[in-house]
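> Okay, here's the prediction I keep looking at, along with the sequence it came from:
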Amino acid sequence: MARILIVDDSPTETFRFREILTKHGFEVIEASNGADGVTMAQAEQPDLVLMDVVMPGVNGFQATREISRGENTKHIPVVIVSTKDQATDRVWGKRQGARDYLTKPIDENKLIEVIQQNLNLG
C-alpha cells in the first residue's frame, strides 16, 4: 500500500484528501505546514507528497524545493495541490521540482489518476 504525505494547513482540505485517499486504499500521513512536511518526508519516506502552496512559514514552493532537492527525499514525487491557478504558479511549481500541479477544489478522479501516474501504478 502506497503511503502519501498530505501537507496542508487547512483541516477541511486535509480531511477531504484523507477521505479520498483511504477510500482508494492509500495510507495517509499528514503535516500541517511546509516545515513539518519536509521533516515528515525525511523521516517517513512516503511514496508521494501532496503539497499545498499557501501556508504560514515555509510555503509549498519552498517545501517542494527542499524535498525534491534533498539527498534522501529527491526520489519522492511531489504533486502540488493549490488554489493558485495561474500559469506562472504552475511553471514555478514545476521549477521547484513538483512532478504535477493540480488545482482546488480537487477532482477525485483526476487526483487518483495523477497519483497513480506518479507512483507508476496506472
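Received, thanks.

> I'd like to know how far Gln117 sits from Leu111.
The spacing between Gln117 and Leu111, counted by C-beta to C-beta, to the nearest Å, is 11 Å. No exception for glycine: its C-beta is placed from N, CA and C like everyone else's.

> Which of the two has more residues huddled nearby?
Leu111 (20 against 14; other C-beta atoms under 10 Å).

> Run a quick check on the more buried one versus Ile20, I expect a contact.
Yes: judged on C-beta atoms under 8 Å, Leu111 makes contact with Ile20 at a distance of 6.2 Å.

> Return the set of residues that bridge with the residue nearest the centre of the chain.
Centroid-nearest residue in the chain: Leu50, 1.4 Å away (criterion: C-alpha atoms, centre = their mean). Note on Leu50: beta-bridge partners by DSSP bridges are Ile6, Val79.

> Now do the same contact list for it.
Ile4, Leu5, Ile6, Val7, Asp8, Phe17, Val79, Val81, Ile115 (C-beta atoms under 8 Å, 6 or more residues apart in numbering).
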